[in-house]
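Q: curious how this folds, go ahead:
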Amino acid sequence: MTYVNMLEAKSSLSRLVEDVELGREKEIIIARGGRPVARLVPLAPETPVERRIGVAKGAFEVPDDIDAHNDEVAALFNGGGA
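A: Next comes the predicted model:
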């Protein structure tokens, strides 16, 4: 764990972020007046979400009159009444 003062953190932020991002440092503590006030740590990697077209195919049936109430629904969203 590395400690840096605020002035050093301001003047070398890009390098500090790179150190954390590349794993050279697990975390960096930023201090003000010798007192720790912030921690710079890497974000956990995001797990990609698999997106598939047609994933719900056959799971439900769309009625032929699905658009029958569009005006009524639009009026409700736009602050009007039914």
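
Q: relative to residue 70, how far out is residue 39?
A: 51 Å (CB to CB, to the nearest Å). C-beta coordinates here come from the backbone N, C-alpha and C atoms, glycine included.

Q: hey, where'd the strands end up in the protein?
A: Under the criterion DSSP state E, strands of the chain are mapped to 2-5, 28-32, 35-40.

Q: got JSON lines for these, with mean neighbour count too?
A: JSON lines is the format used below for the strands of the chain (neighbours: other CB atoms under 10 Å):
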{"stretch": "strand 2-5", "mean neighbour count": "14"}
{"stretch": "strand 28-32", "mean neighbour count": "16"}
{"stretch": "strand 35-40", "mean neighbour count": "11"}
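
Q: now those in JSON lines, please, with extra columns for mean pLDDT and distance to residue 51.
A: As requested, these are exported to JSON lines (pLDDT from 0 to 100; distance: least, CB to CB, whole Å):
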{"stretch": "strand 2-5", "mean pLDDT": "95", "distance to residue 51": "39"}
{"stretch": "strand 28-32", "mean pLDDT": "97", "distance to residue 51": "35"}
{"stretch": "strand 35-40", "mean pLDDT": "97", "distance to residue 51": "32"}
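
Q: switch these over to JSON lines; also include distance to residue 61.
A: Output for those, formatted as JSON lines (distance: least, CB to CB, whole Å):
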{"stretch": "strand 2-5", "distance to residue 61": "60"}
{"stretch": "strand 28-32", "distance to residue 61": "56"}
{"stretch": "strand 35-40", "distance to residue 61": "53"}
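
Q: relative to residue 52, which of these is closest?
A: In terms of CB to CB, the element of the strands of the chain nearest to residue 52 is strand 35-40, at 37.2 Å.

Q: I'd like to know which elements the closest one is packed against.
A: On a contact count with 3 or more CB pairs under 8 Å, 6 or more residues apart in numbering; DSSP states H and E, strand 35-40 meets helix 13-21, strand 28-32.

Q: contacts for stretch 67-82, please.
A: Residues outside stretch 67-82 that contact it (CB atoms under 8 Å, 6 or more residues apart in numbering): none are found.

Q: got the CA coordinates for the helix or strand bottoming out on mean pLDDT in the chain in PDB?
A: Lowest mean confidence among the helices and strands of the chain (mean pLDDT, DSSP states H and E): helix 70-77, at a mean of 89. C-alpha atoms of helix 70-77 as PDB (Å, rounded to 0.1, in the frame of the first residue of the first chain):
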ATOM      1  CA  ASN A  70     -51.900   2.800 -27.800                       C
ATOM      2  CA  ASP A  71     -53.700   6.200 -27.600                       C
ATOM      3  CA  GLU A  72     -55.000   5.500 -24.100                       C
ATOM      4  CA  VAL A  73     -51.600   4.400 -22.800                       C
ATOM      5  CA  ALA A  74     -50.000   7.500 -24.500                       C
ATOM      6  CA  ALA A  75     -52.500   9.800 -22.800                       C
ATOM      7  CA  LEU A  76     -51.700   8.200 -19.400                       C
ATOM      8  CA  PHE A  77     -48.000   8.800 -19.900                       C
END
